[in-house]
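Q: Below is the sequence, then the predicted model.
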Amino acid sequence: MQAQALNARTRPGVLNLRSATNGLRAVFNRSSVKAAASPRSNWREEIEKSTSGGSSPVGTVTTEPPASPKPSTSNSSNAPAAPSPVAAAAGAATGLLTSLKAQQQQVAAALAAAAESASGSAAPAAPAAAAPEGAREEPVTIPTFDLLEYLTDSKHQATAFGVLAGLSAVLSVLCIVEPEAVLDAAIPGADLSDLDVTFTRIIGVTLAASASVEYSLKHAAESQLLKSATYQRLMAGCAIKSAGFLAVLLANIPDTFKLWDGAAWLAYVITAVGAGAVNLAVISNSSGKGLTVPPLDLTPPANASSWGYTACGALYLATVAACFAPEALFIGDPYSDITPLVKGVWAPGFTLAAIMSYVLKDAADRNRLGASTFKNLNLGLAALEYGYSVIFTSAILSDQVDIDAASMSNLVGSLAIATFCLYTYATAKK
């Protein structure tokens with residue numbers, strides 16, 4: 001079809017070329033007959049004049065009719081001169097050349113259009129928006145979260161501690177009420193023993209004390225009091241607790257890793273790391289000196305309450321050491337593969353309890369036990385010890401613990417700490 005269109009365009013040009021050639025021959029024939037009779041004229045000048053004004057852009061020769069003779073007022077009777085045959089021939093030749101150029105342009109345009117259509121159908125479609133040459137593509141960026149910057153705001157700090165307190169409270173209730181369900185979900189490959197259930201309940205009461213600390217930190221953040229040495233120490237204690245959870249998990253990886261549910265193991269790690277990171281970030285933002293160790297007051301106890309909290313702290317540190325010593329109390333049932341792990345998770349909770357006792361000892365030295373923060377800490381320790389006393393009594397009744405002097409002293413000491421903290425909570429005044 002492209003060839004037919006090309007022929008249709010070029011055929012009129014060939015016809016025009018033939019007609020113009022015939023006309024040129026006729027003009028030259030007539031001019032050769034008349035040339036003998038006419039006088040010789042300045043033919044170069046006439047060709048230049050006719051060439052300078054007479055062709056149309058479409059290749060047709062247009063000649064103006066001779067101007068009508070104006071009536072002359074003079075007595076001369078000179079007739080108007082007829083157009084020269086040479087000028088007519090030159091005009092025809094010029095028109096012929098113009099027509100040929102126009103036809104060549106049309107043919108070239110047709111050929112270019114045909115070539116463009118053929119290449120467009122064969123080549124794939126070009127992209128709608130080509131990238132400029134030399135432009136560099138931007139690398140893919142992964143959104144990041146700056147926890148340290150986020151926790152510069154006191155509202156964000158309060159929200160973070162509120163989330164941690166709620167999480168500790170929920171886990172505490174689950175471990176106390178449904179220890180077997182917690183262990184089956186977290187470590188489904190383990191063959192549980194009765195001691196594992198008892199030790200999981202003890203983990204639950206330590207988490208209750210942790211919830212009281214985080215709740216106090218939440219209120220301190222709302223009041224913008226976290227710069228105080230009291231809260232700096234409590235945050236440091238929470239960070240140590242998180243590090244202790246990770247250390248116990250890592251120490252028991254050879255014996256327990258294959259028994260864990262993958263999602264539960266990952267949740268354990270993320271929770272411990274996240275809680276520790278929150279406390280360290282808030283310490284860095286609120287201390288005024290970056291991430292530093294809180295100041296320690298090692299002065300002797302100043303009153304009876306201060307001595308009481310000092311004794312509590314010593315007993316908690318002894319309990320932490322007992323978590324990694326051969327069992328001397330819970331000897332009624334054999335250990336399972338996960339018993340050392342479960343008992344080891346006690347240690348971070350009792351470490352935090354020792355730090356709570358130290359903070360309360362400092363408050364007792366300054367007669368500040370009536371403040372809301374110290375009341376919350378006393379209530380947390382009372383919950384821990386009353387819960388532990390109930391669990392330990394249940395273990396005695398189920399023959400997991402023998403009734404002897406060691407077990408009785410342990411039970412009496414726990415009840416004494418709980419009663420002392422609850423009494424202080426109820427009677428301390430601001």
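A: Structure received.
Q: drop to CA atoms for contacts and neighbour counts, all remaining ones
A: Fine.
Q: domain assignment for this structure?
A: Per automatic domain parsing, the structural domains of the chain span 2-62+86-111, 147-427.
Q: Which one of these has the poorest average confidence?
A: Ranked by mean pLDDT, those end with domain 2-62+86-111 at the bottom, a mean of 51.
Q: any idea which of the domains of the chain is most buried?
A: Across these, the average number of neighbours (mean count of other Cα atoms under 10 Å) peaks for domain 147-427, which reaches a mean of 19.
Q: For residue 409, give me its contacts.
A: Counting by Cα atoms under 8 Å, 6 or more residues apart in numbering, residue 409 makes contact with nothing.
Q: Surely residue 239 and residue 271 touch.
A: No: counting by Cα atoms under 8 Å, residue 271 is not a contact partner of residue 239; they are 11.9 Å apart.
Q: Next, show the common contact partners of these two.
A: Common neighbours of residue 239 and residue 271 (Cα under 8 Å, 6+ apart) do not exist.
Q: Just the CA atoms of the strand or helix carrying residue 406, as CSV, please.
A: When elements are defined using DSSP states H and E, residue 406 is found to belong to helix 405-427. What follows is helix 405-427, C-alpha atoms only, in CSV (Å, rounded to 0.1, in the frame of the first residue of the first chain):
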residue,chain,number,x,y,z
ALA,A,405,14.3,-25.2,109.7
ALA,A,406,15.5,-23.9,106.4
SER,A,407,12.1,-23.9,104.8
MET,A,408,10.4,-22.4,107.8
SER,A,409,12.9,-19.6,108.1
ASN,A,410,12.4,-18.9,104.4
LEU,A,411,8.7,-18.7,104.9
VAL,A,412,8.9,-16.6,108.0
GLY,A,413,11.4,-14.1,106.4
SER,A,414,9.1,-13.7,103.3
LEU,A,415,6.1,-13.0,105.5
ALA,A,416,8.1,-10.5,107.6
ILE,A,417,9.3,-8.5,104.6
ALA,A,418,5.7,-8.4,103.2
THR,A,419,4.2,-7.2,106.5
PHE,A,420,7.0,-4.6,107.0
CYS,A,421,6.5,-3.1,103.5
LEU,A,422,2.7,-3.2,103.8
TYR,A,423,2.8,-1.5,107.2
THR,A,424,5.1,1.2,105.9
TYR,A,425,2.8,1.7,102.9
ALA,A,426,-0.1,2.2,105.2
THR,A,427,1.4,4.4,107.9
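Q: And the helices in the stretch 251-400 of the chain?
A: For the stretch 251-400 of the chain, helices defined by DSSP state H, counting those that start in this stretch occupy the ranges 253-256, 262-286, 304-322, 339-344, 346-365, 372-397.
Q: wait, what's in contact with the spatially closest residue to residue 241 that is not a sequence neighbour?
A: Spatially, and ignoring its direct neighbours in sequence, residue 241 is nearest to residue 348 (4.6 Å; Cα to Cα, 6 or more residues apart in numbering). Applying Cα under 8 Å, 6+ apart, we find residue 348 in contact with 240-242, 244-245, 320.
Q: and with 10 Å instead?
A: Going by Cα atoms under 10 Å, 6 or more residues apart in numbering, residue 348 touches 203, 206-207, 210, 237-248, 320, 323, 354.
Q: Ok, residue 352 next?
A: With the criterion set at Cα under 10 Å, 6+ apart, residue 352 makes contact with 206-207, 209-210, 213, 234-242, 313, 316-317, 358.
Q: Identify those among these that sit within helices.
A: Counting by DSSP state H, these place 206-207, 209-210, 213, 234-242, 313, 316-317, 358 in helices.
Q: do you know how far residue 289 is from residue 227?
A: Residue 289 is 10 Å from residue 227, where distance means Cα to Cα, to the nearest Å.
Q: Check residue 403 too.
A: 48 Å.
Q: Any idea how far apart the tips of stretch 282-300 sit?
A: In stretch 282-300, first residue to last residue: 30 Å (Cα to Cα).
Q: List of residues touching that stretch?
A: For stretch 282-300, contacts defined as Cα under 10 Å, 6+ apart pick out 147-154, 156-157, 160, 221, 224-236, 239, 277-278, 280-281, 306-307, 310, 358-359, 361-362, 365.
Q: 6 Å instead, please
A: 152, 227, 232-233 (Cα atoms under 6 Å, 6 or more residues apart in numbering).
Q: just stretch 248-268 next, same as before
A: Under Cα under 6 Å, 6+ apart, the answer for stretch 248-268 is 186-187, 189-190.
Q: Also stretch 370-383?
A: Residues contacting stretch 370-383 (Cα under 6 Å, 6+ apart): 209, 212, 216, 418, 421-422, 425, 428-430.
Q: Might you report the residue contacts of residue 414?
A: residue 385.
Q: 8 Å instead, please
A: 385-386, 388-389.
Q: Adding distance to residue 113, write those out as JSON lines.
A: Output for the contacts of residue 414, formatted as JSON lines (distance: Cα to Cα, whole Å):
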{"residue": "385", "distance to residue 113": "95"}
{"residue": "386", "distance to residue 113": "96"}
{"residue": "388", "distance to residue 113": "94"}
{"residue": "389", "distance to residue 113": "98"}
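Q: Tell me the one among those residues nearest to residue 336.
A: residue 388 (21.6 Å; Cα to Cα).
Q: Tell me if I'm right that the closest one and residue 205 touch.
A: Yes: at 6.7 Å, residue 388 counts as touching residue 205 under the criterion of Cα under 8 Å.
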